[in-house]
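Engineer: Quick one, structure for this:
(one chain, ligands or ions: 1)
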Amino acid sequence: MQSVDAVRADFPFLNQIMNGHPLIYLDNAATTQKPRPVLRALRQYYTQENVNVHRGGYARAAATTAEYEEVRTRVAHLINAPSAREVVFTKGTTEALNWAAFGGAVSLKPGDEILVTVMEHHSNLVPWQVLAARSGAVLRFVEVTADGILDWADFQRKLSARTRVVAVSATSNVLGTVNPVTAIARIAHKAGALVVVDAAQAVGHMPVDVQKWGADLVAFSGHKMLGPTGIGVLWGQRAVLERMHPLEYGGEMISAVTRDETTFKEVPWCFEGGTQNIAGVIGLGKAIQYLERQGIGAIQAREQQLAARLATGLRALPQVTVYGPVSGKQRNGVVAFNVGSLHAHDVATALDAQGTAVRAGHHCAQVLMKHLGVSGTVRASVAFYNTTAEVDALVAQVERTEAFFKKYGMG
Ligand code: C6P
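Structural biologist: Next comes the predicted model:
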């Protein structure tokens, strides 16, 4: 990996003043910033390459189509998928997970069970809840231990021959917990369940090998891994994708249309109806190139190191509660915390006034908030372009915030 200074020079967003202070951006779990090669590619696309793909017979159309399809191969390489034809472009993780739930990968009947975890983001919970309500299936939750780890005994207890789907996040967007996907998929498959992985916080932040995971469907978003918004991926085992049906019918996903019937393109193109986010795909390709140049293993190590330092610094403050696993290896770059009884939004506002951007609230994980017994948390999330000085500055700012409110008898 390049030096942090060299890396930061590639991210113009990071170089700005916020509320009179140099901006410290620690909301990377919400979305990461974009490096110059991605920004350049988007500009280049709209200035010189903007044609529709898979349609035109002219040279520019062929070149842009080839570029678009090359990104599919790049994505496959990044996640070690056996074939680029198992990569479906979507709007993002949310859309990909909706396809996983409603695309016919599994058909449920009353009494069947869907197993999710308490730490799921709403995008990997609400679709399953709706599917359960429509089919008469039962949605069950695997609990989380006091230190923020998936309760393995509870998982084994709840997994049964009735379980038809196990839907789990690779890493939690609140606790930072890294879940043992390979082990989960192995025993879930033994029980005959479909395994769906929400990898929104994993891809680009840790080495992901879908073959090693052994899951059936994996979803992730481009914007959380240096790419543009509005582009994401549903990876699926070929046989699983083959038994799914498109959720959007229309242009470009067809093979032939008569007055009476339509035949569809093969997987994955049958899932990409209408004009796609071509610029998004091309930007995603550049993001992957950038990540691979830095080295995904090195990125993971750096983000874990920064998060561990942050968590340790915050834990040392008398009023601060840090959520999630203590061990650096079991967590990614996310650190959620609260300061005494202060409202998370008040803390985030105080940090914003000091130039630091963090997220506060339920983080689209209300079931987890209920489990933690809080209405929300503050959440700082690092990327490999953050510095130790920034992390230390946040700890100092939290300490000042704590002292400020204490002076007025709050917190
Ligand atoms: N989490 C966060 O601040 P989309 O919005 O479709 O790109 O990703 C949804 C999603 C699904 N799963 C997980 C684990 C996620 O973290 C997210 C997005 C952001 O935590 C925005 S809510």
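
Engineer: Domain boundaries for the chain, per the record?
Structural biologist: According to automatic domain parsing, the chain comprises the domains 4-30+295-407, 39-292.

Engineer: With mean neighbour count and mean pLDDT added, can I get these in JSON lines?
Structural biologist: Glycine gets a C-beta too; all of them are placed from N, C-alpha and C. Formatted as JSON lines, those follow (neighbours: other Cβ atoms under 10 Å; pLDDT from 0 to 100):
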{"stretch": "domain 4-30+295-407", "mean neighbour count": "19", "mean pLDDT": "96"}
{"stretch": "domain 39-292", "mean neighbour count": "19", "mean pLDDT": "98"}
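
Engineer: Save those as TSV, and put in distance to the ligand too.
Structural biologist: Converted to TSV, the domains of the chain look like this (distance: least, Cβ to the nearest ligand atom, whole Å):
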stretch	distance to the ligand
domain 4-30+295-407	4
domain 39-292	3
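
Engineer: ok, Gly411 touching Asp346?
Structural biologist: No: the pair Gly411 / Asp346 is not scored as a contact, 9.0 Å apart, by Cβ atoms under 8 Å.

Engineer: any common contacting residues for those two?
Structural biologist: Any residue near both Gly411 and Asp346 by Cβ atoms under 8 Å, 6 or more residues apart in numbering counts here, and that gives Phe405.

Engineer: Ser381 is in contact with Leu310, correct?
Structural biologist: No: between Leu310 and Ser381 there is no contact under Cβ under 8 Å: 9.6 Å.

Engineer: So the residue lying closest to Gln211 once chain neighbours are set aside, which state does it fall into?
Structural biologist: Spatial nearest neighbour of Gln211, excluding adjacent residues (Cβ to Cβ, 6 or more residues apart in numbering): Asn80 at 5.5 Å. What DSSP: H, G, I helix; E, B strand; the rest coil gives for Asn80 is coil.

Engineer: Pull the contacting residues for the residue most central in space within the chain.
Structural biologist: Centroid-nearest residue in the chain, with Cα atoms, centre = their mean: Ala200, separated by 1.3 Å. For Ala200, the contacting residues are Thr93, His121, Ser123, Ser169, Asn173, Ala219, Phe220, Ser221, Lys224, by Cβ under 8 Å, 6+ apart.

Engineer: Now the fourth one: closest residue in space, sequence neighbours ignored.
Structural biologist: Spatial nearest neighbour of Ser169, excluding adjacent residues (Cβ to Cβ, 6+ apart): Asp198 at 4.3 Å.

Engineer: if I pick that neighbour, what's in contact with it?
Structural biologist: Contacts here follow Cβ under 8 Å, 6+ apart; on that basis Asp198 touches Thr93, Leu97, Glu120, His121, Ser123, Asn124, Ala167, Val168, Ser169, Ala170, Ala219, Phe220.

Engineer: how about 10 Å then?
Structural biologist: 93-94, 96-97, 100, 116-117, 120-121, 123-125, 167-173, 179, 217-221 (Cβ atoms under 10 Å, 6 or more residues apart in numbering).

Engineer: Which residue ranges of this structure form helices?
Structural biologist: Assigned by DSSP state H, the chain shows helices spanning 4-9, 36-44, 59-78, 93-102, 126-135, 152-158, 181-190, 210-213, 238-243, 278-294, 296-315, 344-353, 366-372, 388-407.

Engineer: Pairing partners for Met206 in the sheet, please.
Structural biologist: Val203 (DSSP bridges).

Engineer: Ramachandran coordinates for the residue nearest to Gln211?
Structural biologist: phi 50, psi 40 (degrees, to the nearest 10).

Engineer: thinking Gly328 is in contact with Val335, fair?
Structural biologist: No: judged on Cβ atoms under 10 Å, Gly328 makes no contact with Val335 at a distance of 11.0 Å.

Engineer: residues shared between the contacts of Leu310 and Ser381?
Structural biologist: Shared contacts of Leu310 and Ser381 (Cβ under 10 Å, 6+ apart): Leu26, Gly333, Val334, Val335.

Engineer: quick one: which of those sit in strands?
Structural biologist: Val334, Val335 (DSSP state E).

Engineer: can the shared contacts of Leu310 and Ser381 go into JSON lines with extra columns for distance to Ala360?
Structural biologist: Below are these laid out as JSON lines (distance: Cβ to Cβ, whole Å):
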{"residue": "Leu26", "distance to Ala360": "12"}
{"residue": "Gly333", "distance to Ala360": "17"}
{"residue": "Val334", "distance to Ala360": "14"}
{"residue": "Val335", "distance to Ala360": "13"}
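
Engineer: From the shared contacts of Leu310 and Ser381, pick the one nearest Arg85.
Structural biologist: Lowest distance from Arg85 to the shared contacts of Leu310 and Ser381 (Cβ to Cβ) belongs to Gly333, with 31.9 Å.

Engineer: Next, the contact list for the closest one, please.
Structural biologist: Residues counted as contacts of Gly333 (Cβ under 10 Å, 6+ apart) are 26, 28-29, 171, 176, 201, 205-206, 299-300, 302-308, 310, 380-384, 386.

Engineer: how about it, phi and psi?
Structural biologist: Note on Gly333: backbone dihedrals following degrees, to the nearest 10 are phi -90, psi 20.

Engineer: Leaving out the residues flanking it, which one is nearest to it?
Structural biologist: Residue nearest to Gly333 in three dimensions, not counting chain neighbours: Glu303, with 3.7 Å by Cβ to Cβ, 6+ apart.

Engineer: hang on, isn't that neighbour packed against Asn332?
Structural biologist: Yes: Glu303 lies in contact with Asn332 (Cβ under 10 Å); the separation is 6.3 Å.

Engineer: joint contacts of the two?
Structural biologist: Common contact partners of Glu303 and Asn332 (Cβ under 10 Å, 6+ apart): Gly176, His205, Met206, Ser381, Val382.

Engineer: Who are the contact partners of the first one?
Structural biologist: Read that as Gly176. Residues in contact with Gly176, defined by Cβ under 10 Å, 6+ apart, are 29, 119, 148, 201, 303-304, 307, 311, 322-325, 328, 330-336, 379, 381.

Engineer: and with 8 Å instead?
Structural biologist: Gly176 neighbours (Cβ under 8 Å, 6+ apart): Gly148, Ala307, Gly324, Pro325, Arg331, Asn332, Gly333, Val334, Val335, Ala336.

Engineer: I appreciate the help and will end here.
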